[in-house]
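Colleague: the following block contains a protein sequence and its predicted model.
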Amino acid sequence: MALTRQEMDSKIDEHFGYEARDDVEGVLATLAPDVEHDIVGWPTGPARIRDGARGFYETLFSDLSDGKVECRKRLYGENFLVDESVWRGKAPGRPFGLEGRGRPLEFRLLHVIEFRDNGDIGRENVWIDLASIMQQLPQD
């Protein structure tokens with residue numbers, strides 16, 4: 001049975017909430033055991049199981065801090081949504097291989113999320129505005 005928009009919103013907002021709290025276990029719990037987790041451009045490529053996404057989130061949470069996600073628009077289909085958002089926070093680590101030095105950072109994100117009938121996230125595909133990140137975090 002297809003999920004409602006409200007059910008999809010609830011799950012993705014739960015997922016983003018765990019991300020905002022740097023809660024790796026919480027984020028992973030929103031994913032299906034055999035999730036396809038694909039952050040476009042991530043050096044290790046897509047993960048094909050829940051625990052395979054762990055390294056991405058551990059790295060992300062050490063590289064970025066004080067993050068807030070503002071949803072700009074969502075598009076819905078049968079058991080999927082596309083979320084266009086803006087992330088704002090600080091870059092104390094090395095986000096996406098760039099020295100952050102604690103500088104403020106803001107960039108656009110595009111999530112393509114597919115859900116299982118039970119509400120788990122079965123596929124997370126994320127596109128990041130890396131050009132914007134590079135402009136804000138120039139390397140000396």
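Modeller: Perfect, thanks for sending it. What you see is a predicted model; the values in this text were computed from it and never measured.

Colleague: going forward, measure contacts between C-alpha atoms and count neighbours the same way
Modeller: Fine.

Colleague: name the element E36 belongs to?
Modeller: Here E36, judged by DSSP states H and E, is contained in strand 31-39.

Colleague: after that strand comes which helix or strand?
Modeller: helix 54-63.

Colleague: buried set for that next one?
Modeller: 54, 56-57, 60-61, 63 (16 or more other Cα atoms under 10 Å).

Colleague: dump those to JSON lines, plus distance to D83 and pLDDT.
Modeller: Converted to JSON lines, the buried residues of helix 54-63 look like this (distance: Cα to Cα, whole Å; pLDDT from 0 to 100):
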{"residue": "R54", "distance to D83": "22", "pLDDT": "96"}
{"residue": "F56", "distance to D83": "20", "pLDDT": "96"}
{"residue": "Y57", "distance to D83": "19", "pLDDT": "96"}
{"residue": "L60", "distance to D83": "19", "pLDDT": "95"}
{"residue": "F61", "distance to D83": "21", "pLDDT": "96"}
{"residue": "D63", "distance to D83": "23", "pLDDT": "97"}
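
Colleague: quick check, nearest of those to G93?
Modeller: D63 (3.8 Å; Cα to Cα).
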